[in-house]
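Visitor: predicted structure and sequence below. I'll ask about it afterward.
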Amino acid sequence: MRIVAGAVLAIAVGTACGRGEPATLERLQAAIADYAAGKVAPSEAQIDALFAQLDADIAALRAEAAAKEGTNAGERAEALGRERFALWQTYVKAKVERLRGIAESTVRDVGKQVGQGLEEAGRRIQESMQK
């Protein structure tokens, strides 16, 4: 349900936005989707740069709204800001999920090493008792 609502909002924001915003928004959405899928690219730095570009787009819309009354730039800035917040939430969840996966893998590897060490110690004790 949230995915559908997010897609509808993304389409609405993309339609309502001016020149650079849809391209930045679409690139950021694609980058976060790839990151959440566990792909190597894009890096966190690249995603952060896209967020910075989106922030600049929002600021430009707010400046336009302040400079020219009667435009819908303020509404577009608010819509884009809401979409940015939703993308940030998705990105943070993906980062937490990646960290959880790394932690699980580390614990599993350490457990495996401890188990192997115990097995080896057991073998040595058994061998020393047989002599």
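Guide: Happy to help now that I have it.

Visitor: which neighbouring elements make contact with the longest helix anywhere in the chain?
Guide: Ordering each helix of the chain by length in residues (DSSP state H) puts helix 73-130 first. Taking 3 or more Cβ pairs under 8 Å, 6 or more residues apart in numbering; DSSP states H and E as contact, the helices and strands that helix 73-130 lies on are helix 2-16, helix 21-36, helix 44-67. Every C-beta, even on glycine, is put in place using the N, C-alpha and C of the backbone.

Visitor: so which of the ones you listed is the most packed in?
Guide: Stretch with highest mean neighbour count among the helices and strands packed on helix 73-130: helix 21-36 (a mean of 18; mean count of other Cβ atoms under 10 Å).

Visitor: now that one against helix 73-130, angle please.
Guide: Using axes from the mean of the first three to the mean of the last three Cα atoms, to 10 degrees, the direction of helix 21-36 lies 10 degrees away from that of helix 73-130.

Visitor: tilt between helix 21-36 and helix 44-67?
Guide: Using the same axes, to 10 degrees: helix 21-36 against helix 44-67 is 150 degrees.

Visitor: so what touches helix 21-36?
Guide: Identification of contacts with helix 21-36 by Cβ atoms under 8 Å, 6 or more residues apart in numbering yields 10, 13-14, 17, 41-42, 44, 46-47, 50-51, 53-54, 57, 61, 76, 80, 83, 87, 90-91, 93-94, 97.
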